[in-house]
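# sharing a sequence plus its predicted fold:
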Amino acid sequence: MPKLIVIRLHPEEPTTGAEFTNYLTGLKIEAWDASFTKAKVNVSSDTPIGEASGSRIAQHWLPSLAFPLAATATAVLEVTSPPATEYADPDVVLRVKRGTKVVGVFTIDYNVAAMDVGAVPVVSAPPATSPFPTLGTIAVNLALPSPALAANPNDVIVTLPKDGSPPNFKDLKGAVQAVLSQDPGGITDLRTLTPSQCRHIALEIAWNRHIAPLPSPSPDLETLYTTDAPGFDSKAHQLFEAALLKYSAERDAKAQLLAAYIYSMVAALICEQKSSDAVRAGLRFPIQPGVVTPSGKVHESDVVLRN
């Protein structure tokens with residue numbers, strides 16, 4: 001009997017039903033098992049337990065308005081490679097892509113609500129007969145960013161897992177190299193990066209105005225800041241100021257965390273090079289307790305291994 005993970009999709013910000021169709025174009029959602037025995041899920045090399053794309057993703061309609069398109073959809077992800085053992089329902093990590101572009105990696109709450117069905121539903125017409133909007137046992141409501149916000153092919157995106165684990169090492173290294181290839185610093189050896197340079201790179205990545213533009217004033221900026229203007233509203237002004245503060249705080253927080261990961265990557269590359277260049281290695285270990293040494297005072301010993 002097929003097991004499904006049902007995902008409700010909606011835009012990060014309200015939009016029209018016709019525009020939301022573009023959000024779903026080329027969309028693919030993959031799921032990985034957050035295993036008890038595995039320290040970290042690697043979405044770059046591990047095998048997903050299931051995926052949804054094409055006819056497994058259906059946009060909703062508004063029956064009350066003669067079935068125009070709605071800015072919501074349902075993705076039906078069939079678990080084709082279930083974990084060998086699992087308490088209750090699956091613990092999964094989702095990766096969302098549009099074409100070859102990764103939209104984001106999302107850690108889903110543990111024991112996501114999965115449902116057993118006799119057959120996997122398919123998209124049908126007319127809208128009134130579509131089973132997707134009425135599917136129950138929803139696993140998660142997933143917000144999709146606008147496809148228009150990632151139009152620049154040179155954008156560098158590093159997704160920080162929401163469970164606090166570090167980003168994929170290979171992806172992070174590639175992102176840093178991509179920034180340096182366009183920045184006029186001329187740095188090609190990542191091992192030479194200083195803490196301040198790591199922070200600069202992190203800020204470049206976090207403050208991406210294509211995928212995260214500034215909040216838009218509403219009403220216009222002139223009305224928000226002119227007290228004697230018709231329609232001036234102090235509450236609207238305060239809300240806009242709060243939105244600006246939130247925007248900056250989110251970017252800076254991501255940059256601060258990302259800078260630490262970048263510097264850790266630099267340290268790892270330096271250690272890798274030192275290990276590769278070393279012609280000998282020293283090991284220090286304690287003497288086995290209870291063993292009497294000639295002087296009676298030796299508590300540890302060293303061994304040097306030569307290449």
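Yep, it's here.
# where in this protein is pLDDT low?
For the chain, the stretches flagged by pLDDT under 70 are 1, 35-46, 64-67, 82-90, 107-118, 124-129, 149-153, 162-163, 285-302, 304-307.
# what's the lengthiest helix in it packed up against?
Looking across the chain with DSSP state H, the single longest helix is helix 234-277. Applying 3 or more Cβ pairs under 8 Å, 6 or more residues apart in numbering; DSSP states H and E, one finds that helix 234-277 contacts helix 169-182, helix 195-206, helix 221-225. (C-beta placed from N, C-alpha, C; glycine too.)
# closest to H237 out of those?
Comparing the helices and strands packed on helix 234-277 against H237 with Cβ to Cβ, the closest turns out to be helix 221-225 (4.9 Å).
# only the buried residues of stretch 91-100, if you could.
Of all the residues in stretch 91-100, those buried under the rule 16 or more other Cβ atoms under 10 Å are 91-98.
# scratch that, stretch 56-63 is what I was asking about
Of the residues in stretch 56-63, 56-61 count as buried by neighbour count, 16+ other Cβ under 10 Å.
# dump it to CSV, keeping only the CA atoms.
Taking C-alpha atoms only, stretch 56-63 is exported to CSV below (Å, rounded to 0.1, in the frame of the first residue of the first chain):
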residue,chain,number,x,y,z
ARG,A,56,2.2,14.9,-8.5
ILE,A,57,1.9,18.6,-8.0
ALA,A,58,-1.5,20.2,-8.6
GLN,A,59,-2.6,23.8,-8.3
HIS,A,60,-5.9,24.5,-6.4
TRP,A,61,-9.0,26.3,-7.7
LEU,A,62,-11.7,28.5,-6.2
PRO,A,63,-15.0,26.7,-6.7
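# next one: it to chain centre, how far?
Between the centre of stretch 56-63 and the centre of its chain there are 25 Å (Cα atoms, centre = their mean, to the nearest Å).
# perfect, I'm done here.
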